[in-house]
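Student: Here is a sequence together with a model predicted from it:
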Amino acid sequence: MAKRDTPPRWDRKMQQRLARGEAAALGELYDRFASLVHGLAHRVLDDEEAADRITREVFAHVWQHPDAYDPKQGPLRSWLAALTHRLAVQRLRQTETAALAGTDADAPEATGGTGSPRALEELERRVRRASVAARADYIVTSMPAPLRAALELAYFDRRDYRQTAVDLGVTEAEARRRLRLGLQLLSTAHDTGAPGAPPEYGGAV
Amino acid sequence: MSGAGHEDGDWEGYGPQNPGNDNGNGNGNGQDNGDGKAPGPGEGPPRIPMPRSSVEDTGGPLPESPDVLPVASAPPAPPAPLVLEHDVLRSLLGAWALAACAPEETLAVEEHLGECGSCADEARRLREAVELLQRPEPLDLDPTLRTRVLEGCLERRPPRIPVPEWATPYDAETARLDALLQDFGDAEWHAPVRLRWFEGDEQTSRRTTVAGVIAHLLSVDGMVAVALGLDDPVTGEQRTPQATTPAGRTEAYWRASYFPPTRSVRIPWREQSHNIVRTVSFAGDGSGRLPVPYGDFELPLHDAMLDRAFECWVHAGDIAEAVDYPYDPPAPRHLYGMIDLAARMLPEALAARRRAGLAAPSRTTRHLVPAGEPGRSLRLEIEGSGGGEWLIPLDSPAALPSAAHEVAHVALDGVEFCQLAAGHVSPEEAAAGQDGDREAIRDVLFAAASLSRM
């Protein structure tokens, strides 16, 4: 959603308002990012209630530690996405490990490890898939806008590259170049520790 | 909006496998220089999924080197200038992966993939990347989650600048409506909506669109904004237009623009509602007594904020109905506040109707009730969540309500009562349990409907 405030400025002001203890700022933060946070958490955990809980944790974390976000390090959106992903993956590991060990998810030190190797493998696969998807989100939102616009036209609006060129007011060769380059960037989501991914993602895998 | 599935079976076995660049995370190796992206980690044979689907609306002629492109039914392409062919075809790989090429180009690319290892490898990688573009359908967030999340936060760290209690219904309702608008496309924004209200005991209506309703909310919320010293959305500055009533302001806003409102109205409406909540937070609890002029009457700010929350819910309901979405009533304690405001406004509305000759003066009591004295009262019982009981003085707004002088009893569901006060249900049709003085009941129900306005 386009806002009059440019993202860095909005992010900085939001961080200051949160630090100041402005409850209205917290509401605005929720209004802008709740669906992102909840959506990411849901994709990892595939459970409505668990995603609700992560959403509560993420906003509580930001509210309690407004200084943890440094606007100089990048957009608030990416920072929140990384935080969400990290907490969701942590939660997934906890619940799955606990389930494997046959104990309650909330029991401390429930890392029994009696689960079958196959189940563990499946867990790792889920974690990896979620991490790739999170990196893809990050790459799409942080790639240069012209590349993203081309991809969106071709993918979501189903325009062919000639129509995409017309829509963007560029040559057909340029449209082809943008589509290819955009996908090349996106494909790095499959590489663990890809450059461009925030450090949190690497740590979460 | 999902990419269709892919059947990779057809593609197995063409192209060289792992053409000498199966280093997992590396970059910038070998043939694919220029963009610094490495071909994929070549575990296993390259399996290239089919395009998601054919692109229907293509078919433009091929601009470049038509001689290198095979005709659909023809045997493999004749030998052609290879360097050019490879470069052109390689430049098409992104478009090919997105199924965004002309059919002839698609064929040409696929022919080429059988012969060129580096392109086949990149094609597989790009095709896999396309799958990453697919986002899960955004889920509708549970509207009660916002309150739970915010309350949880504020318990852990009490705010230094809280949102006044009387502003929270407005905060919650504007957030709920904004979430409803989130996924609206142009069709929804321009869906017709009929605004309904009561004027002089007659149901009145005005046709507009979803965007027009948001413009209406923006204009009328603007009265609160102006009272707080914020810019007037109708004029775009601190100056206010001549029209001062909610309807007058709305018409002025609608008239001021040559084109009917579009989705672009959402941002100013949302910014204003956020600004109002923020400003009253800084102004503090005591600012609730600040008068907000409504043209022909005034409300203290804390009531005006409840009124705006109520209108926001009612019109969100209109919008939801227009686009066939479900929409729940407000949280019980917010609903209670809205009902309470209407109940408190009823004595004045009764008096206004009496002055206008719409309500009969009392026939049972001939004497006027002096201010501050108990007078005939009607017991309004609101059922359901957010409900309660109110005693409405019937003879004068200044009279004290009195259980000893109860002459009638009306029972209504809370949402039904709000629909009545919003002018969406007529007093005759309102499903109300009634007991006692028929005329008093009729007057109160009509007075409730008269609270409605555009």
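Tutor: Right, received. Where do you want to start?
Student: what separates A:Leu76 from B:Arg157, distance-wise?
Tutor: Between A:Leu76 and B:Arg157 the computed distance is 18 Å (Cβ to Cβ, to the nearest Å). C-beta: built from backbone N, CA, C; applies to glycine.
Student: Same drill for the two, tell me which one is more crowded.
Tutor: Comparing A:Leu76 with B:Arg157 by other Cβ atoms under 10 Å in any protein chain shown, the one with more neighbours is A:Leu76, at 22 against 16.
Student: That one: what's it in contact with?
Tutor: A:7, A:10-11, A:14-15, A:33, A:69 (Cβ atoms under 8 Å, 6 or more residues apart in numbering or on different chains).
Student: which SSE is B:Arg379 in?
Tutor: strand B:377-383 (DSSP states H and E).
Student: residues of that strand that come out buried?
Tutor: B:377-382 (16 or more other Cβ atoms under 10 Å in any protein chain shown).
Student: quick one: B:Ser205 is in a helix?
Tutor: No: under DSSP: H, G, I helix; E, B strand; the rest coil, B:Ser205 sits outside any helix and is assigned strand.
Student: Pretty sure it sits against B:Phe198.
Tutor: No: here B:Ser205 does not reach B:Phe198: they are 10.3 Å apart, not a contact under Cβ atoms under 8 Å.
Student: Could you list which of the contacts of A:Leu76 belong to helices?
Tutor: Counting by DSSP state H, the part of these found in helices is A:7, A:10-11, A:14-15, A:33.
Student: Which ChimeraX command selects the buried ones in the residues you listed?
Tutor: The following ChimeraX line selects those of the ones in helices among the contacts of A:Leu76 that are buried, judged by 16+ other Cβ under 10 Å:
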select /A:10,11,14,15,33
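Student: what about the strand holding B:Arg379, average pLDDT?
Tutor: Mean pLDDT, strand B:377-383: 95.
Student: That one packs against which elements?
Tutor: The contact analysis (3 or more Cβ pairs under 8 Å, 6 or more residues apart in numbering or on different chains; DSSP states H and E) places strand B:377-383 against helix B:332-355, strand B:388-393, strand B:406-413, helix B:414-421, helix B:438-450.
Student: List the buried residues in the host helix or strand of A:Glu121.
Tutor: Per DSSP H and E, A:Glu121 falls inside helix A:117-142. For helix A:117-142, the buried set under the neighbour-count rule, 16+ other Cβ under 10 Å, comprises A:123, A:126-127, A:130-140, A:142.
Student: and it with chain B, contact?
Tutor: Yes: Helix A:117-142 is in contact with chain B by Cβ under 8 Å from any Cβ of the partner chain, via A:132-133, A:136-137, A:140.
Student: Any chance of those in JSON lines with pLDDT as columns?
Tutor: Converted to JSON lines, the residues of helix A:117-142 next to chain B look like this (pLDDT from 0 to 100):
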{"residue": "A:Val132", "pLDDT": "89"}
{"residue": "A:Ala133", "pLDDT": "85"}
{"residue": "A:Ala136", "pLDDT": "88"}
{"residue": "A:Asp137", "pLDDT": "82"}
{"residue": "A:Val140", "pLDDT": "87"}
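Student: Out of these, which is nearest to chain B?
Tutor: For the residues of helix A:117-142 next to chain B, the minimum distance to chain B (Cβ to the nearest Cβ) is 3.8 Å, reached by A:Ala136.
Student: Contacts only, for the closest one.
Tutor: A:186, A:189, B:129, B:132-133.
Student: Can you classify the residue nearest the centre of chain A by secondary structure?
Tutor: What sits nearest the mean C-alpha location of chain A, by Cα atoms, centre = their mean, is A:Ala81, with 3.6 Å. Secondary structure, three-state DSSP: A:Ala81 is helix.
Student: quick one: pLDDT of the closest residue to B:Thr262 other than its chain neighbours?
Tutor: Excluding the flanking residues, the one nearest B:Thr262 by Cβ to Cβ, 6 or more residues apart in numbering or on different chains is B:Ala211, at 5.4 Å. For B:Ala211, the pLDDT comes out at 95.
Student: same deal with the one 10 residues further on?
Tutor: At B:Asp221, the predicted lDDT confidence score is 95.
Student: can you check B:Thr204 too?
Tutor: With respect to pLDDT, B:Thr204 scores 91.
Student: tell me the domain boundaries of the chain?
Tutor: Picking chain A for this. A:1-134, A:143-205 (automatic domain parsing).
Student: hm, I was asking about chain B
Tutor: Split into domains by automatic domain parsing, chain B comes to B:8-133, B:158-328, B:334-450.
Student: from the residues of helix A:117-142 next to chain B, which is closest to B:Glu165?
Tutor: A:Asp137 (37.6 Å; Cβ to Cβ).
Student: Isn't the closest one up against A:Leu40?
Tutor: Yes: contact criterion Cβ under 8 Å: A:Asp137 and A:Leu40 qualify, at 7.1 Å.
Student: Sketch out the low-pLDDT regions of chain A for me.
Tutor: Scanning chain A for pLDDT under 70 picks out the ranges A:1-7, A:102-115, A:193-205.
Student: all helices for it, in order.
Tutor: Under DSSP H, chain A gives helices at A:7-20, A:23-45, A:48-64, A:76-101, A:117-142, A:145-155, A:161-168, A:172-187, A:199-204.
Student: cool, and chain B?
Tutor: Going by DSSP H, chain B shows helices at B:82-91, B:93-97, B:103-113, B:117-133, B:143-156, B:168-181, B:186-189, B:210-227, B:246-256, B:266-283, B:301-322, B:332-355, B:414-421, B:438-450.
Student: tell me which residues form a beta bridge with B:Leu380?
Tutor: B:Trp390, B:Val410 (DSSP bridges).
Student: Quickly note the distance from it to chain A.
Tutor: 33 Å (Cβ to the nearest Cβ, to the nearest Å).
Student: B:Asp87 now?
Tutor: B:Asp87 is 11 Å from chain A, by Cβ to the nearest Cβ.
Student: Could you give the number of residues near that residue?
Tutor: 12.
Student: Could you check the pLDDT of it?
Tutor: So B:Asp87 comes in at 89 (pLDDT).
Student: same deal with B:Ala38?
Tutor: At B:Ala38, the model reports a pLDDT of 41.
Student: Up against chain A, what does the stretch 101-250 of chain B have?
Tutor: Within the stretch 101-250 of chain B, the residues that sit near chain A (Cβ under 8 Å from any Cβ) are B:101-102, B:122, B:125-126, B:128-130, B:132-133, B:135-136, B:138-139, B:141-142, B:145-146, B:148-150, B:152-154, B:156-163, B:171, B:175, B:178-179, B:182.
Student: what do you get if the cut-off is 6 Å, keeping everything else the same?
Tutor: Residues of the stretch 101-250 of chain B lying close to chain A by Cβ under 6 Å from any Cβ of the partner chain are B:125-126, B:129, B:132-133, B:136, B:138, B:141, B:145-146, B:149, B:152-153, B:156-157, B:159-163, B:171, B:175.
Student: For A:Tyr30, see how far away the closest residue to chain A within the stretch 101-250 of chain B is.
Tutor: Nearest residue of the stretch 101-250 of chain B to chain A, counting by Cβ to the nearest Cβ: B:Arg160, 3.1 Å away. Noted for B:Arg160: a distance of 18 Å to A:Tyr30, by Cβ to Cβ.
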